[in-house]
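Asker: Kindly generate the corresponding structure for this input.
(chains A, B, C, D, E, F, G and H)
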8 protein chains.
Amino acid sequence: MDRSSVRKLLESVKEGQTGLDAAVEVLARAPIEALVHTALDAHRAVRTGVPEVIYGAGKSADQVIDIVQALRARGQDALATRLDAEKGARVANVLRERGHADVAWHPNCGVLVVREGAREGVGRIGVVSAGTSDRAVAEEAAVVAEALGNTVVQVDDVGIAGVHRVLGRLDELRSCRVLVVVAGMDGALPGLVAGLVRAPVIAVPTSVGYGASFGGIAALLTMLNACAPGVSVVNIDNGFGAAYQASLINQGGTPS
Amino acid sequence: MDRSSVRKLLESVKEGQTGLDAAVEVLARAPIEALVHTALDAHRAVRTGVPEVIYGAGKSADQVIDIVQALRARGQDALATRLDAEKGARVANVLRERGHADVAWHPNCGVLVVREGAREGVGRIGVVSAGTSDRAVAEEAAVVAEALGNTVVQVDDVGIAGVHRVLGRLDELRSCRVLVVVAGMDGALPGLVAGLVRAPVIAVPTSVGYGASFGGIAALLTMLNACAPGVSVVNIDNGFGAAYQASLINQGGTPS
Amino acid sequence: MDRSSVRKLLESVKEGQTGLDAAVEVLARAPIEALVHTALDAHRAVRTGVPEVIYGAGKSADQVIDIVQALRARGQDALATRLDAEKGARVANVLRERGHADVAWHPNCGVLVVREGAREGVGRIGVVSAGTSDRAVAEEAAVVAEALGNTVVQVDDVGIAGVHRVLGRLDELRSCRVLVVVAGMDGALPGLVAGLVRAPVIAVPTSVGYGASFGGIAALLTMLNACAPGVSVVNIDNGFGAAYQASLINQGGTPS
Amino acid sequence: MDRSSVRKLLESVKEGQTGLDAAVEVLARAPIEALVHTALDAHRAVRTGVPEVIYGAGKSADQVIDIVQALRARGQDALATRLDAEKGARVANVLRERGHADVAWHPNCGVLVVREGAREGVGRIGVVSAGTSDRAVAEEAAVVAEALGNTVVQVDDVGIAGVHRVLGRLDELRSCRVLVVVAGMDGALPGLVAGLVRAPVIAVPTSVGYGASFGGIAALLTMLNACAPGVSVVNIDNGFGAAYQASLINQGGTPS
Amino acid sequence: MDRSSVRKLLESVKEGQTGLDAAVEVLARAPIEALVHTALDAHRAVRTGVPEVIYGAGKSADQVIDIVQALRARGQDALATRLDAEKGARVANVLRERGHADVAWHPNCGVLVVREGAREGVGRIGVVSAGTSDRAVAEEAAVVAEALGNTVVQVDDVGIAGVHRVLGRLDELRSCRVLVVVAGMDGALPGLVAGLVRAPVIAVPTSVGYGASFGGIAALLTMLNACAPGVSVVNIDNGFGAAYQASLINQGGTPS
Amino acid sequence: MDRSSVRKLLESVKEGQTGLDAAVEVLARAPIEALVHTALDAHRAVRTGVPEVIYGAGKSADQVIDIVQALRARGQDALATRLDAEKGARVANVLRERGHADVAWHPNCGVLVVREGAREGVGRIGVVSAGTSDRAVAEEAAVVAEALGNTVVQVDDVGIAGVHRVLGRLDELRSCRVLVVVAGMDGALPGLVAGLVRAPVIAVPTSVGYGASFGGIAALLTMLNACAPGVSVVNIDNGFGAAYQASLINQGGTPS
Amino acid sequence: MDRSSVRKLLESVKEGQTGLDAAVEVLARAPIEALVHTALDAHRAVRTGVPEVIYGAGKSADQVIDIVQALRARGQDALATRLDAEKGARVANVLRERGHADVAWHPNCGVLVVREGAREGVGRIGVVSAGTSDRAVAEEAAVVAEALGNTVVQVDDVGIAGVHRVLGRLDELRSCRVLVVVAGMDGALPGLVAGLVRAPVIAVPTSVGYGASFGGIAALLTMLNACAPGVSVVNIDNGFGAAYQASLINQGGTPS
Amino acid sequence: MDRSSVRKLLESVKEGQTGLDAAVEVLARAPIEALVHTALDAHRAVRTGVPEVIYGAGKSADQVIDIVQALRARGQDALATRLDAEKGARVANVLRERGHADVAWHPNCGVLVVREGAREGVGRIGVVSAGTSDRAVAEEAAVVAEALGNTVVQVDDVGIAGVHRVLGRLDELRSCRVLVVVAGMDGALPGLVAGLVRAPVIAVPTSVGYGASFGGIAALLTMLNACAPGVSVVNIDNGFGAAYQASLINQGGTPS
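Answerer: Okay, here's the model as predicted:
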């Protein structure tokens, strides 16, 4: 029951066409089906300009294409994650053939961005990774953060085994309003970085490693136990989630 | 915003004291704060007669006493779980001193029931336990099931190590509409029982055991993997939850 | 030793052809081999009309076809679960070629139903799922529930990340006598639903997710720890088990 | 080697008292022992006004008192966490006896704050808790957040078992720049809240629960797998860490 | 329904006092309640001389005393396990005061044996332990094995860190028909011993250790993965179970 | 240093060719290199007739063929386990082509037996399995037990979901001197069987199942926690190990 | 900022071209970007002769070739680990075609070594393995240890199931300065060896095994709980890491 | 059978008192009981000067006193670990009363050292700890390392949250031949240190922490996954084991 329906009901009450009790009944029953929906969903409208996110893992190429086109038809940007190489390439090709101008397909991290025109990023989100094998997750974070309208500063290969590397890039790290720090194996980098900056650190454990890394559990636990305060953690390999959280923080000038 | 407030608003609209737009605005903002609350909470009213449940673990004796008295003042029955021996005894004594007539304190399972007058149970819920050490949890289930208005059939010490024992009580088991089956250590009893009856089985793993019983995990896993269909499982030692679920099933003659 | 054999023995005793001691001996030895069997298996007869269930995972297509045909020859319906795409299609084709009329093959959830004639479902079982990726398990539950003779109400994509979606379908949820609620990742939906209805909720964790979802363990634990009472849980991805339990509850008018 | 030492060395070089090679040698060896120290620690100076944090768990009352007094002597505020009831009371009494004016001891959450004068909080951090048993951790978060100079909005007892409760307080939740959401048992609240607001959610699992809650692991996993984006997680019972992170976010107007 | 009842029924049929149909009905219903019971329990009679086992953990001293006296009144020996120091001493004292002659209380392993007269053990069961801290469990195994009528050979402190110790006692080990091998920490002893003897090895992991011994899990896993064949494993600290199994093997000359 | 070398040394001492000190030195150094070897390996000689076991998993077909032929050349039987379908078939074919008479290849359980002439089994080992999917492991146990010279009684499909099935075969179970009981999923069968027989039960958990069966961990834990005494457990899917242990028990008439 | 830059700055100060304050400022800012880097990286220079290690797992053949050539161009040796069969063969072939003389490709353990000329190893590192299936990891350790300039003594197939085997090779074991001991399944070998030698033992668990070996966790735990002192442990299957550690120990004559 | 017994036997052979066959028989049987013992234990003699280690956890004060006195009577030093405060103080007092001169009792880490006269340590072992709460374990390592005859360099409170602290002490770290690095919570310090030095690092995880530190598992996993090579790990809280291993490395100039 949207506002115009409510208005019509009130007019009808005012004009005596609907009795008071009947109108009360309608309104009492309405909230669940309609008003609630409206009220709860309303805060989404404020997010205009933020692309809608499509979780690509369980969908076919055709399904992704359809959703993207529907979004574009409404003038909305689209961001699809977790597309494998073949599916992503196919989606990108078809969309380009059908005339979509700004299709960016990132095969290393399986992210596809479709939007209209260039957009200037705001703030600065640092995306930091420990080793070369963590780069796919870091790239997912970076691509998503940019697609959500942020400026991204990327700092790679600064694992703690060679601490001079991360110290050598302190200026870049300290220039950011929030940092996404990605690490597998021992997962120690976020705690080290948090001790060096004032910005909040969103830590992303990766499934990189073998044996007792247990597919990222070791890194996850390290991050949850980081000695330096200022670290919070997302799921293993969840570059998208970290970037989304970082974007909320970076752009969070005003409450919703 | 309850029904009378809505009615007043509509009258005001009808009488021209409130404009249409203003009224739409009020109603659009209201749902979250009031109507939703009303709508969502409404189904609780249907449950009249069901005692309110107090989780006693994190509360002081005085807090429990206060809540019970408040409930009784509204004419509502009270059921408190997970009270330790000392706290429960104190609550029971104080309530009796203050003139509450029907205070039943079950020290073995830490449950306290305060209600008005006797009540005839309906249906039949079987509460079955494997060993003597599982009895505290079984008793929690039985006391709660009775307090919720069900007739309870108790079958104890029918562990699978002596299968003739459970076979010897098949008639009782088969007379029930739903069974709560409680077992620690190997947790095998619910699967055995489910193969012998047509009623649904709610399985309760207990933390009884040592070593590789891991505080009930072994029993929990056994139950989740029960070969016989017709078994669902609640948390370790959660006699209350099983009884509550069994009561919903036993009394579930009509949808909410 | 069935009833007619026992009767014959008694006649023989009565007519003096068998001595008392010999007859006692026969009866004392009989139970394990025969009477027990009869007694224990008797309750299965009551279940006439319920299809026999074939666990298809470890069987060849030919084995499944043979079992189905044997069941059909006895006039019994058949329900096979966990058939992969190729095996299920082959079984369905062969059965149709051999003249079986009512063969329903559900490739998304790997369930095959073979029965005679249409059948009206009774009661209402709600099958609720959180996300699109949980649908295969939800479909298994729905197909099985229908095959077991229940009316099914399906409610999809009502995950807790958008709580207005589940609130918008409260009427459907509340119309059911029992709910099967399917969710992966955080597994939070069953606890939310249980707080909104009076019917028992059978929760099914799914293996959907990545990283710290640990193949469904995260969802399983969430459900076992659901704050709302009225939730019991089955094994990860066990749509069949949940539907079977729900059917027992839905049809549980009379004890076995 | 601080700046004045470097200056002296340079003067000595300029005046010819120290040779070039000797000076190079001194400077090359110096960084590790001194310059590095200075450079890395410099960013702490910016944090003037933020109280120094004392992890009270492994320290005696006397040790805590000494550290607090040393900090106060430098004009710095002090914040001690994880003090048990007895130790905290003793520390508070002694400090008051010795004339420290503004000693706030919070026995429920074991936090002690010693600072000079009142201070106006900035921004708005929401601290939300699911059940009464989660309140100690929520209080730790709230006290710490305030001590770090933030305005705190507290929203208690809004667990998902009664979803109308959290919906009834949406306005408060939406008024905050960042939310700390505390929950034990099923840990589902942060994911629900994140779907209702635009602010980042810092989730805190608590060790509240029994059986398969595994001391907070169930809640931790639920939060890491939250379906709604915008959730990051800290260690079990780590109210302090969540508040610290939230404070960085709330006050993060400018990069370090 | 025991044999004499069946005989009476048959007489009654023979004499025409009971009709055939009525008798069939009685017999058909009887098995579950009586005949089954008899048949299944019959094999226990063969075990005359074996003491009845009382699991003492969840019982009061008075309960244990009552059970022991009831068993002794029937002329049966009694064996109680997992009694703590105080409870066991009290039970032993009371039983001695009441004139029970042969009361053996083993405070180190919490086992109490009450039997009549001395008994010669048969066969040879070896009970081997790795370190001094494993001795309580080894003693439980040894005391139980003796109480069950076996000769016990005890070999202590032969951990693998000094392999010469176990090699120095090979003759004793090889003189046994079955070995119970008890070890905590790395749990490596059973696998070593199994490579040195021809007898079956029953391995008992103990909860001795710290850190990554995880209360005996490390030892349990080691034993399940023993490279030498001829090792089977019981629960952590389950000296009783190992001795019982070893006794079945040692005395297993003839099938039941 | 074998006995003849020692004898030669002694002769040399006796004849004065070797001094006492030199001989002492030789003997003192010898043990590790030779005598120990001899002494420790001696007990293997007693096992004549027992086939040598080849763990086939990490070996090529050619390697297995070579080892088998070497064993046969010495007149020894060979038993290879964990060969996959292709490798096993190839080994069997080549061996047959090369004239080995008695080559038995069991593709379902990956076991190959090569021996000379028929051999009468001794004793009776029961191999019991719960469901059809556990049969591969049960077959491994049965084939190995027979190859080791035992008579095997096989009892299949007697899972606890239909307890009448196992009760119907009690006579067979009770005729055995030791039982190998194989079960996946809930793993409850061994505990049930142990309560029905007097023979020791060697329990084998299988990796059959899904979800919370965790590849056999659930069944393993159930078995370790079996309420009935007389159960010991081997590694998941380790049919070979159980058969080997059962064979030691079955044939264990005399100590080594 | 290297030494020559610092020298130039000092000259400039001396000659009055740069003011004291400006120079202090430059030096104060420099450390992080340059001096630190220099200081921290300096100790690498000492390691001349040690090949640079390339973690091959996440790199393409071409990337590995490029890195190797770059290293060789600088006159440095190269060591690549975790190359699969195809990638390693390709890298080796290309490098040989391009004229690299000393290319050693070890397909069993995936290690490639490229160096100039033969080199005499120092000290003695023992590499001991329990079973044939552990040999790949042992070979990785041996090849790496040799490439790092050590003499390697290899002792294979000395698992504890036949303890005479390891005793028979004591002299070799005792001739080494440090031992790398590799074992899967029960992982008991390192503890046994540590009790027999005076050298430190670096234990390497392998993922060899099935069922409750949990991919090497069982062996890892055994080693962490080894009863004999003198054992430390590296990650599962980490032959490289053990060899590297052993090399540091073997060559550790002088502090860095 | 010691050397003198062997000598006597040979004399007896030489003199014709013992026949050759009888002597061969004696020697063939002897090795296991005696010669092996001698041979295997011989290498212990080399360790003269190293104190014997008493694991104090499961022993009474009197037992510890007796063992110490027996050792001292043989002129051997004694080292007892894991004594609690009361037991250790009592042991120390009694020993001092009985005139033992050099009794050092370390109550913080539960270690007692009794030796004769002062001894100069050799080499340099660094003992590094991350936080104040890790100090007990670090002290255990330091006290043990000194008691074993090494010079110890202690570096405390250099956790990675303030990386300048560890950098400020590089010279000390680099002066050591081997480092024991102790850390709880995130356990990241050993990996950081290993990247800064050339000496081998023995990492000790501690049980310090809460929540997802899981009693030291998080730190243990971090260390096993350390990105820097040159790290091996001992059990949680095993300061003794790390010191013992470090001592073997530090003093390992010559093979055993």
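
Asker: what about A:A104, is that helix, strand or coil?
Answerer: strand (DSSP: H, G, I helix; E, B strand; the rest coil).

Asker: In the top strand by length along chain A, which residues are buried?
Answerer: With secondary structure taken from DSSP state E, chain A has its longest strand at strand A:122-129. For strand A:122-129, a neighbour-count test (16 or more other CB atoms under 10 Å in any protein chain shown) marks A:123-129 as buried. Where you see a C-beta, it was placed from the backbone N, CA and C, and this is true even at glycine.

Asker: Distance to chain D and pLDDT added to these, as JSON lines?
Answerer: Shown next, in JSON lines, are the buried residues of strand A:122-129 (distance: CB to the nearest CB, whole Å; pLDDT from 0 to 100):
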{"residue": "A:G123", "distance to chain D": "9", "pLDDT": "89"}
{"residue": "A:R124", "distance to chain D": "7", "pLDDT": "95"}
{"residue": "A:I125", "distance to chain D": "11", "pLDDT": "97"}
{"residue": "A:G126", "distance to chain D": "10", "pLDDT": "97"}
{"residue": "A:V127", "distance to chain D": "15", "pLDDT": "97"}
{"residue": "A:V128", "distance to chain D": "15", "pLDDT": "97"}
{"residue": "A:S129", "distance to chain D": "18", "pLDDT": "95"}
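
Asker: where do the helices sit along the stretch 101-250 of chain A?
Answerer: Along the stretch 101-250 of chain A, the stretches classed as helices by DSSP state H, counting those that start in this stretch are A:135-147, A:163-167, A:170-174, A:189-194, A:217-224, A:239-250.

Asker: hey, least reliable of those helices by pLDDT?
Answerer: Among the helices of the stretch 101-250 of chain A, helix A:163-167 has the lowest mean pLDDT, at a mean of 87.

Asker: I'd like the helices of the stretch 101-250 of chain A laid out as CSV, including distance to chain F and mean neighbour count.
Answerer: Formatted as CSV, the helices of the stretch 101-250 of chain A follow (distance: least, CB to the nearest CB, whole Å; neighbours: other CB atoms under 10 Å in any protein chain shown):
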stretch, distance to chain F, mean neighbour count
helix A:135-147, 27, 26
helix A:163-167, 39, 21
helix A:170-174, 41, 17
helix A:189-194, 30, 30
helix A:217-224, 15, 30
helix A:239-250, 25, 28
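
Asker: do stretch A:11-31 and chain D meet?
Answerer: No: using CB under 8 Å from any CB of the partner chain, stretch A:11-31 stays clear of chain D, with a minimum separation of 10.3 Å.

Asker: got the CA positions of that stretch in CSV?
Answerer: Taking Å, rounded to 0.1, in the frame of the first residue of the first chain, the C-alpha atoms of stretch A:11-31 are listed here in CSV:
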residue,chain,number,x,y,z
GLU,A,11,-10.1,10.9,0.6
SER,A,12,-12.7,8.2,0.6
VAL,A,13,-13.0,8.5,4.4
LYS,A,14,-13.2,12.2,4.2
GLU,A,15,-15.9,12.0,1.6
GLY,A,16,-17.8,9.5,3.7
GLN,A,17,-17.5,6.7,1.1
THR,A,18,-15.6,4.5,3.5
GLY,A,19,-16.6,4.1,7.1
LEU,A,20,-14.1,4.8,9.9
ASP,A,21,-14.1,1.2,11.2
ALA,A,22,-13.5,-0.3,7.7
ALA,A,23,-10.7,2.2,7.1
VAL,A,24,-9.0,1.3,10.4
GLU,A,25,-9.2,-2.3,9.4
VAL,A,26,-7.6,-1.7,6.1
LEU,A,27,-4.8,0.3,7.6
ALA,A,28,-4.2,-2.2,10.4
ARG,A,29,-3.8,-5.0,7.9
ALA,A,30,-1.9,-3.1,5.4
PRO,A,31,1.4,-2.5,7.1
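
Asker: how about it, does it get close to chain C?
Answerer: No: for a cut-off given as CB under 8 Å from any CB, stretch A:11-31 has no contacts with chain C; the smallest distance is 8.7 Å.

Asker: Please apply the same query to stretch A:132-150.
Answerer: No: Stretch A:132-150 stays clear of chain C (CB under 8 Å from any CB), getting no nearer than 10.5 Å.

Asker: now swap in stretch A:62-75 and tell me
Answerer: No: Stretch A:62-75 does not reach chain C (CB under 8 Å from any CB); its nearest approach is 9.3 Å.

Asker: and that stretch, how far out from the chain's middle?
Answerer: Distance of stretch A:62-75 from the chain centroid (CA atoms, centre = their mean, to the nearest Å) equals 19 Å.

Asker: dump the residue contacts of the closest residue to A:I202 other than its chain neighbours.
Answerer: Closest residue to A:I202 apart from its sequence neighbours, by CB to CB, 6 or more residues apart in numbering or on different chains: A:A242 at 4.5 Å. Listed by CB atoms under 8 Å, 6 or more residues apart in numbering or on different chains, the contact set of A:A242 reads A:141, A:180, A:182, A:202-204, A:234, D:232.

Asker: make it 6 Å
Answerer: A:141, A:180, A:202, A:204, A:234 (CB atoms under 6 Å, 6 or more residues apart in numbering or on different chains).
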